[in-house]
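K.L.:
Turn this into a structure:
(chains A, B, C and D)
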There are 2 protein chains.
Amino acid sequence: MTASRPYANALELLRAAKLRPTRQRLALARLLFEKGDHHVTAEQLHGEAQAAAVPVSLATVYNTLHQFVDAGLLREVAVNPGRSYFDTNTADHHHFFFEETGKLMDIPSDRINVTNLPEPPQGAIHRVDVTIRVGKAKA
Amino acid sequence: MTASRPYANALELLRAAKLRPTRQRLALARLLFEKGDHHVTAEQLHGEAQAAAVPVSLATVYNTLHQFVDAGLLREVAVNPGRSYFDTNTADHHHFFFEETGKLMDIPSDRINVTNLPEPPQGAIHRVDVTIRVGKAKA
DNA sequence: CTCTATGATTAGAATGATTCTAATTTAAGC
DNA sequence: GCTTAAATTAGAATCATTCTAATCATAGAG
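P.N.:
Presented below is the predicted three-dimensional model:
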């Protein structure tokens, strides 16, 4: 069960990732991992931290998000050029992207069949992302 | 054959899109559509235009790319947060994304099977993008 | 428990992509 | 050829993100 870790507390997560459990990393880890899978931008997480009276700079939010991505605790999702989303669900899965609201919703990988994947001409497949873009109901 | 239009000249494309055939739009349309499917960033296209001695500002390149997207002549591809790619292939298809080089490669839609698509909880599916991210061959 | 070295955080400046603004130029129709 | 609406432009402005250099805090030694 590497995928979801509602059990692990923030401290253990940081230890496992070999990251010093500093005040702000602990706080950010809690905000990210103690309320189920969700998607945030750096700006949003910074806002949540402020709201929780955690003193943390935007630079540290960015640093921390990237460290978490490197440690495999988060996934970066590219759907919107010019804004990065970070996904606390690191299991193999896909997304609905609601173009009107800019919101993401997870789709478990077993809800979609993707088969017959072509081999890349070079290198190795690192990930397969399926994004279902959802617009306003068309007339 | 709405998808590929190697036949159409730039002038016809602009007329069909109800866009005034100005000097710079014509030149950009030629650069984009007269050499087969490919992927460009705004910066790249601007560079190509300069190289072709076409006087055009970066602002106009952006304006034109977006107008072409709105007219359905181009597709915007989100793979890299912080940089937009524009794809001259507007047919239903997917992509390899080479993380090391930042290059894209088309995959015809019939080369991948995506089935059993879930319905969105609201709105209508606008597009389904499959991105196969390719990294350095893993050890 | 205190000290120190290393690593983390910070504010603010810098960067890069993109968009905006206001002024100038150009295409289209008469 | 004019006139007018639309397009283009340079440069400023904006937004997300990264960098810089200085300050601060954690971990481990003693």
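
K.L.:
Strands of chain A, residue ranges please.
P.N.:
Using DSSP state E, the strands of chain A run over A:39-40, A:75-80, A:83-87, A:93-98, A:103-108, A:113-115, A:124-135.

K.L.:
would TSV of those with mean pLDDT, mean neighbour count and distance to chain B be doable?
P.N.:
In this view, the C-beta of every residue, glycine as well, is placed from N, C-alpha and C. Converted to TSV, the strands of chain A look like this (pLDDT from 0 to 100; neighbours: other Cβ atoms under 10 Å in any protein chain shown; distance: least, Cβ to the nearest Cβ, whole Å):
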stretch	mean pLDDT	mean neighbour count	distance to chain B
strand A:39-40	97	20	13
strand A:75-80	95	18	5
strand A:83-87	96	19	4
strand A:93-98	96	22	5
strand A:103-108	96	16	6
strand A:113-115	93	13	4
strand A:124-135	95	17	4
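
K.L.:
JSON lines for these, including distance to B:Ala78?
P.N.:
As requested, these are arranged in JSON lines below (distance: least, Cβ to Cβ, whole Å):
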{"stretch": "strand A:39-40", "distance to B:Ala78": "15"}
{"stretch": "strand A:75-80", "distance to B:Ala78": "5"}
{"stretch": "strand A:83-87", "distance to B:Ala78": "10"}
{"stretch": "strand A:93-98", "distance to B:Ala78": "9"}
{"stretch": "strand A:103-108", "distance to B:Ala78": "12"}
{"stretch": "strand A:113-115", "distance to B:Ala78": "19"}
{"stretch": "strand A:124-135", "distance to B:Ala78": "8"}
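
K.L.:
of those, which approaches B:Ala91 most closely?
P.N.:
The closest of these to B:Ala91 is strand A:124-135. By Cβ to Cβ, the value is 16.1 Å.

K.L.:
longest helix in chain A, by residue count?
P.N.:
helix A:58-70 (DSSP state H).

K.L.:
now the angle between strand A:75-80 and that helix, please.
P.N.:
Interaxial angle of helix A:58-70 relative to strand A:75-80 (axes from the mean of the first three to the mean of the last three Cα atoms, to 10 degrees): 110 degrees.

K.L.:
can you pull the contacts of A:Leu11?
P.N.:
A:Leu11 makes contact with A:21, A:26 under the criterion Cβ atoms under 8 Å, 6 or more residues apart in numbering or on different chains.
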